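> I'd like to go over a predicted model; first the sequence, then the structure.
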Amino acid sequence: MKQKIIFIVDGNKTIGLGQVYRSLNLAKEIKKFNKNILFITNELITKELVKPLFHCKLFSEINLKTDMIISKNDLVIIDKHEETHKKLNYFKSNSYLTIGIDYIGKGKKLLSKGINILYPHSGITGKNSYSGFQYSILDPSFKKSGSIKIRKQVKSLVIMQGGTDSHCFIPNIIDSISQLNSQLKITIIIGPIGYNKKLQKSIDDSNLSIKVKRNIKFMHKELARHDIAITGGGMTLLELSKLGIPSIIICTEKFETETASLLSKSGFGINLGYYEKLSNQKIKNAISKLIQDHKLRTEMNSIGPKIIDGNGTKRVCKLIEEWN
């Protein structure tokens, strides 16, 4: 029986969609090796995103006791922060190998291997774990993209707080920028489920030049249009690093502070930490500093692509091939 590579991944308004897109990028690369791909998820929106490209089932459509969905020849990749103990036991007992990507929840010992990109300290540790930004899984278009050119005058700012802005923090960012009396052209990028009335009101009440863009098809091209960025501490931050776009990091979840801290200590990004404790004045000051400090922006532009080189997906595939 031909081996299946089975992805376990979820995405929704609360947790965002970053891991879904990451798994899709990895699956596209794995498919080149003539592997059968299956996605299993709890979330309907994940299924809707996956099914144009790969076969996908909801857990609610499967009876784990009777359906032969996984065989001893198969490899399971869990790209989510946590899974139930019951399911982890099922995957371990019925598959050839179980791999966790950025798995930070309970039951780590039940997984055979761990790949930690965003969370090297809180993810799976030990001799069977592989950690570092060199394993960053990006859309292949980013590998071909060079870093942006740093202009002396900052004209354009892009804002992203995950695909869903689950805590609705972008209005606070808009309010902070309004205090600068700046002529910046601002673009807000959100995913398919990220728009809300509070964001619209904030835009309507502002005198800033703001565009909202959704469901960007060629993200690398869109990001490269901008001089600076405000982003969360997830996978979009890695994309900005690859393009060398000077960034301010506002973490939308506490666990993102690990990634933000590691990158900023390496010289990329102004890390403002977790959003809950963040004042508009602090955001305003950080934006003002990044706009005015041409040297700092130039340094980030040089350092970012050295941290994230765009070859991470191939490195992960090589690991999987070795483990097989």
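Everything's here; your move.

> on the three-state scheme, D204 is what?
Under the three-state scheme (DSSP: H, G, I helix; E, B strand; the rest coil), D204 adopts helix.

> nope, V76 is what I was after
Quick answer, by three-state DSSP: V76 is strand.

> what's it in contact with, if anything?
I6, I8, I70, F91, S95, L97, T98, I99 (C-beta atoms under 8 Å, 6 or more residues apart in numbering). Using the backbone N, CA and C atoms, a C-beta is placed for each residue, glycine as well.

> kindly provide the distance from the fifth one to L24.
Spelled out, that is S95. 21 Å (C-beta to C-beta, to the nearest Å).

> out of the two, which sits in the busier spot?
L24 (23 against 19; other C-beta atoms under 10 Å).

> re earlier: any chance of the contacts of V76 in TSV, with distance to K35 too?
Shown next, in TSV, are the contacts of V76 (distance: C-beta to C-beta, whole Å):
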residue	distance to K35
I6	10
I8	16
I70	14
F91	17
S95	14
L97	13
T98	16
I99	14
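
> nearest to N116, of the residues you listed?
I99 (11.4 Å; C-beta to C-beta).

> quick one: that closest one and D165, what's the gap?
30 Å.

> worst-scoring helix or strand of the protein, pLDDT-wise?
helix 197-205 (a mean of 83; mean pLDDT, DSSP states H and E).

> what's the angle between the following helix or strand past that helix and helix 197-205?
Once the chain leaves helix 197-205, the next helix or strand it forms, by DSSP states H and E, is strand 209-214. Counting by axes from the mean of the first three to the mean of the last three C-alpha atoms, to 10 degrees, strand 209-214 points 150 degrees away from the direction of helix 197-205.

> identify each buried residue in strand 209-214, please.
I210, V212 (16 or more other C-beta atoms under 10 Å).

> contacting residues for the residue of the chain most remote from its centre?
Farthest-out residue of the chain from its mean C-alpha position, per C-alpha atoms, centre = their mean: T66, at 34.7 Å. Listed by C-beta under 8 Å, 6+ apart, the contact set of T66 is empty.

> that one sits in which helix or strand?
With DSSP H and E as the criterion, the answer for T66 is that it lies in no helix or strand.

> and for stretch 263-275, what's in contact with it?
Applying C-beta under 8 Å, 6+ apart, the set of residues contacting stretch 263-275 is 133, 167, 169, 172, 233, 237, 241, 246-254, 256-257, 260-261, 278, 282-283, 286, 289-290, 299-300, 303-304, 307.

> same deal with stretch 219-226?
Contacts for stretch 219-226 (C-beta under 8 Å, 6+ apart): 139, 141-142, 145, 148, 156-158, 187, 189, 213, 216, 229, 239-240, 243, 245.

> selection in PyMOL covering whichever of those are buried, please.
Selection of buried members from the contacts of stretch 219-226 for PyMOL, criterion 16+ other C-beta under 10 Å:
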select buried, resi 139+142+145+148+157+158+187+189+229+239+240+243+245
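
> mind listing which of the contacts of stretch 219-226 are in strands?
Within those, residues falling in strands by DSSP state E are S156, L157, V158, T187, I189, K213, A229.

> want to throw these into JSON lines with pLDDT and distance to H294?
Shown next, in JSON lines, are those (pLDDT from 0 to 100; distance: C-beta to C-beta, whole Å):
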{"residue": "S156", "pLDDT": "97", "distance to H294": "15"}
{"residue": "L157", "pLDDT": "97", "distance to H294": "15"}
{"residue": "V158", "pLDDT": "98", "distance to H294": "19"}
{"residue": "T187", "pLDDT": "96", "distance to H294": "22"}
{"residue": "I189", "pLDDT": "92", "distance to H294": "25"}
{"residue": "K213", "pLDDT": "91", "distance to H294": "27"}
{"residue": "A229", "pLDDT": "98", "distance to H294": "16"}
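
> return the member of these nearest to Q179.
Using C-beta to C-beta, L157 is the member of those that lies nearest Q179, at 14.1 Å.

> for that closest one, list each beta-bridge partner.
Under DSSP bridges, the beta-bridge partners of L157 are I186, I228.

> I'd say it and L180 touch.
No. With contact defined as C-beta atoms under 8 Å, L157 does not count as touching L180 (10.3 Å).

> brilliant, that's me finished.
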